[in-house]
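Chemist: Fold the following.
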Amino acid sequence: MGRARYGLRPPRRDRTAIVTDSSAALPGAVLAHPFAAGIRQVPLAVMVGDQIHTEGDDDLALDLPLALAAGTPVRTSRPSPGAFRAVYAELARAGYARIVSVHLSGELSGTVEAARLAAADAPCPVTVVDSRTAGLALGTGVLDAAIEAGFGRPLEEVVARARGTLTGATVLVSVPSLEPLRRGGRVGALSSLIGTLLQVRPVLTLEGGALHLVDRPRTTARAIDRMVELVADRAAHEPLRVAVHTYGDDAGAQALVDRLQRHSATPVPAVPLPAVLAAHVGLGALAVVAVPLDPEPLPKD
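Modeler: Sure, this is the predicted structure:
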């Protein structure tokens, strides 16, 4: 019934599409590359005051930093199941036989649940993966999965590659203030520590899909030192792919790039945080993503 309903072409069994969301921070130039033809990125919504934007809106690029600086309420929202259904249907019509849908940590957003709801009646089989991470850690897992899919690997190998990359990723974040995270309800286990972290520049990590405190240096310089030290310690044991995120601190990001390059097996890009993440970490946030160069594939649970 599904194939007739959606007017689909017969599937090509070697084609697996990859769907993610805008928290993956994949630059437009990457998504435009021919090897990324099977990737789709569903935008999340960002609400600045009473205005609703989606990732990539020109107005959002102007309104969000002003709102964060002024303390204007900013909220984010998952895509609707309908948005995922539309993408799944479009890929099925394009001839993809199956889809792997990889999304922002379920501890931080309901995005992965919306994908699961949509997958239940999709016109082709959809495997939904909770990345338990965010930013380019998620984006790198998506790209690794897309490469496997592009080589025509079986579904199990595509999923295993994504899970291996995602599980092996380290995400470190330094924020000027925990207030945006508190307002957005993303502090989780940090809630009891907020009062003790007012005069520090905390370094956080994503562990088990949620944010946890790593250290509490008192200055930005010491926070950067700590993130570099943690990456260097890991790089001493395995080759890494390293990337830097920022929102409103380009100089700090470049300083991080320069210092981290010696610990990365690949060039270190500086990529702006997606708006849906910047809304929660605030202006001046810096983040580092470190992913094994050749992660061990992990089979589906």
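Chemist: which SS state does the closest residue to residue 84 other than its chain neighbours fall under?
Modeler: Spatial nearest neighbour of residue 84, excluding adjacent residues (C-beta to C-beta, 6 or more residues apart in numbering): residue 118 at 3.5 Å. All C-beta spots, glycine's among them, are computed from the backbone N, C-alpha and C. Under the three-state scheme (DSSP: H, G, I helix; E, B strand; the rest coil), residue 118 adopts helix.
Chemist: residues in contact with residue 118?
Modeler: Shown in contact with residue 118 (C-beta atoms under 8 Å, 6 or more residues apart in numbering): 81, 82, 83, 84, 85, 88, 126.
Chemist: neighbouring strands for the longest strand seen in the chain, and are they parallel or not?
Modeler: Secondary structure of the chain read by DSSP state E shows that its longest strand is strand 12-21. When sheet partners are counted by DSSP bridges, strand 12-21 sits next to strand 39-42 (parallel), strand 96-103 (parallel).
Chemist: of these, which approaches residue 138 most closely?
Modeler: strand 96-103 (6.9 Å; C-beta to C-beta).
Chemist: So which other helices or strands are in contact with the host helix or strand of residue 87?
Modeler: Counting by DSSP states H and E, the element that carries residue 87 is helix 81-93. On a contact count with 3 or more C-beta pairs under 8 Å, 6 or more residues apart in numbering; DSSP states H and E, helix 81-93 meets helix 2-6, strand 12-21, strand 39-42, strand 96-103, helix 111-119.
Chemist: mind running it again at 7 Å?
Modeler: helix 2-6, strand 39-42, helix 111-119 (3 or more C-beta pairs under 7 Å, 6 or more residues apart in numbering; DSSP states H and E).
Chemist: And the contacts of it?
Modeler: Residues outside helix 81-93 that contact it (C-beta atoms under 7 Å, 6 or more residues apart in numbering) are 6-8, 17, 19, 40, 42, 99, 114-115, 117-118, 122-124, 126.
Chemist: Show me just the buried residues among those.
Modeler: For the contacts of helix 81-93, a neighbour count by 16 or more other C-beta atoms under 10 Å gives the buried set as 8, 17, 19, 40, 42, 99, 114-115, 118, 122-124, 126.
Chemist: pLDDT at the spatially closest residue to residue 30 that is not a sequence neighbour, what is it?
Modeler: In space, and not counting its chain neighbours, residue 30 is closest to residue 36: 6.1 Å by C-beta to C-beta, 6+ apart. What the model reports as pLDDT for residue 36 is 91.
Chemist: Burial check on residue 36, number of neighbours?
Modeler: By the criterion of other C-beta atoms under 10 Å, residue 36 has 19 neighbours.
Chemist: And it, how close does it get to residue 55?
Modeler: In this view, residue 36 and residue 55 are 17 Å apart by C-beta to C-beta, to the nearest Å.
Chemist: What residues of stretch 201-215 count as buried?
Modeler: Buried residues in stretch 201-215, counted by 16+ other C-beta under 10 Å: 201, 202, 203, 204, 205, 206, 209, 210, 211, 213, 214, 215.
Chemist: Tell me the span between the first and last residue of it.
Modeler: 9 Å (C-alpha to C-alpha, to the nearest Å).
Chemist: And the average pLDDT for that stretch is what?
Modeler: Per-residue scores along stretch 201-215 average to 90.
Chemist: For stretch 290-301, give me every contacting residue.
Modeler: By C-beta under 7 Å, 6+ apart, the list of residues contacting stretch 290-301 from outside reads 137, 140, 156-157, 159-161, 163-165, 167-170, 231, 234, 238-242, 265.
Chemist: ok, 6 Å please
Modeler: 140, 159-161, 163-165, 167-170, 231, 238-242, 265 (C-beta atoms under 6 Å, 6 or more residues apart in numbering).
Chemist: Which among these count as buried?
Modeler: Counted by 16+ other C-beta under 10 Å, the contacts of stretch 290-301 give 140, 159-161, 163-165, 167-170, 231, 240-242 as buried.
Chemist: now, which of those sits nearest residue 60?
Modeler: Out of the buried ones among the contacts of stretch 290-301, the member with the shortest distance to residue 60 (by C-beta to C-beta) is residue 140, at 24.2 Å.
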